[in-house]
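Visitor: let me see the structure of the following:
(one chain, ligands or ions: 2)
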Amino acid sequence: MSQKPFADNIHWHDSVVTKQDRSQLNGHKSCVLWFTGLSGSGKSTLANAVNQRLFEKKLSSYVLDGDNVRHGLNGDLGFSPEDRQENIRRIGEVSKLFVDNGTIVLTAFVSPYRDDRMIARKLVAKEEFIEVYVKCNLEECENRDPKGLYKKARNGEIPEFTGISAPYEEPESPELVISSDETSIDTSVEQIITFLEKKQII
Ligand SMILES: Nc1ncnc2c1ncn2[C@@H]1O[C@H](COP(=O)(O)OS(=O)(=O)O)[C@@H](OP(=O)(O)O)[C@H]1O
Ligand SMILES: Nc1ncnc2c1ncn2[C@@H]1O[C@H](COP(=O)(O)OP(=O)(O)O)[C@@H](O)[C@H]1O
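Guide: Ligands and ions are numbered 1, 2, ... in the order given. This is a model prediction of the structure:
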């Protein structure tokens, strides 16, 4: 079966209200802040802290979080490489819609495979995709173990666990690297906000 079996019968509708119109209304540009890193590295913590700062500045932003999205939209997916790819593909498409809506979307997914992250990157314009590598050594992630998952993974209760029994491919040229095992949450948030200001997104 072809990947898009109904493509011939589907037609694209351009929106009358454009992304530029929405950006003008919001007073800022839109983008994807794509947080990637090991479980426990701090993706959710940082994405939510940045989101809070943006909210306080009265900017339009939204967090898409791995755990939450897997409860609904991607509830049918597991953690095989194929399922992770589909997970990231869907999140990429959802992010694109948010960007079109003029929103700064912050995604917090392990997204361990370079090729999958590249698929998400290519869905939006070059300057709209900001890969944020939340770098944290495995030992520190295991010490944090906020959900007790590393313990379970070490006990063999969770197969294909990233960092333990499944790979994490480090980003080669991310727009931002946050060393969360060396940098405080506040300083990291500042680093990301400063980046958005420097790029004149906000
Ligand atoms: N096998 C395995 N490997 C990695 N992570 C696992 C696994 N099983 C469950 N979890 C929990 O699910 C969260 C990762 O989901 P993601 O959607 O971010 O994963 S992925 O991007 O598709 O790889 C991840 O959330 P975070 O801890 O927030 O990263 C884990 O809590
Ligand atoms: N500098 C830091 N940056 C981010 N998180 C940190 C930092 N120091 C400690 N933490 C803690 O590490 C844990 C990271 O968990 P979480 O944000 O859920 O990670 P992830 O979403 O990557 O799985 C949280 O309990 C957070 O408070």
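
Visitor: contacts and neighbour counts: CA atoms only from here.
Guide: Noted.

Visitor: Arg121 and Phe129 touch, don't they?
Guide: Yes. In this structure, Arg121 is within contact of Phe129 by Cα atoms under 8 Å, at 5.8 Å.

Visitor: quick one: which of the two has more around it?
Guide: For Arg121 versus Phe129, the count of surrounding residues by other Cα atoms under 10 Å is larger for Phe129: 23 against 20.

Visitor: ok, now how distant is that one from ligand 1?
Guide: Here the distance between Phe129 and ligand 1 works out to 17 Å (Cα to the nearest ligand atom, to the nearest Å).

Visitor: ok, what's across the strand from the nearest residue to that residue once chain neighbours are set aside?
Guide: Excluding its sequence neighbours, the residue lying closest to Phe129 (Cα to Cα, 6 or more residues apart in numbering) is Val32, at 5.0 Å. Beta bridges link Val32 to Val105, Phe129, judged by DSSP bridges.

Visitor: check what contacts the longest helix along the chain and list those residues.
Guide: The longest helix of the chain (DSSP state H) is helix 81-100. Contact with helix 81-100 is made by 18-19, 30-32, 74, 77-78, 104-105, 107, 109, 111, 113, 116-117, 119-121, 123-124, as judged by Cα atoms under 8 Å, 6 or more residues apart in numbering.

Visitor: contacts only, for Leu64.
Guide: Applying Cα under 8 Å, 6+ apart, the residues near Leu64 are 105-108.

Visitor: so what does the residue sitting nearest the centre point of the chain look like in phi/psi?
Guide: A centroid search over the chain (Cα atoms, centre = their mean) returns Thr107, at 2.7 Å, as the residue closest to the centre. Dihedral pair for Thr107: phi -110, psi 130, per degrees, to the nearest 10.

Visitor: for Leu38, same thing?
Guide: phi -60, psi 160.

Visitor: surely it touches Gly163?
Guide: Yes. Leu38 lies in contact with Gly163 (Cα under 8 Å); the separation is 6.9 Å.

Visitor: looking at these two, which one has more neighbours?
Guide: Neighbour totals were compared for Leu38 and Gly163, and Leu38 leads with 26 against 19 (other Cα under 10 Å).

Visitor: ok, and the closest non-adjacent residue to that one?
Guide: Nearest residue to Leu38, sequence neighbours excluded (Cα to Cα, 6+ apart): Val110, at 5.8 Å.

Visitor: per-residue confidence at the residue lying closest to Ser60 once chain neighbours are set aside?
Guide: Excluding the flanking residues, the one nearest Ser60 by Cα to Cα, 6+ apart is Thr103, at 5.2 Å. Thr103 carries a pLDDT value of 97.

Visitor: kindly tell me how buried Thr103 is, as a neighbour count.
Guide: Thr103 has 24 neighbouring residues, counting by other Cα under 10 Å.

Visitor: now Ser95
Guide: Ser95, neighbours per other Cα under 10 Å, totals 28.

Visitor: just for the protein, where's the confidence low?
Guide: Applying pLDDT under 70 to the chain picks out residues 1-3.

Visitor: can you give me the helices for it?
Guide: Using DSSP H, helices in the chain cover 19-26, 43-56, 66-69, 81-100, 114-122, 138-144, 149-154, 185-198.
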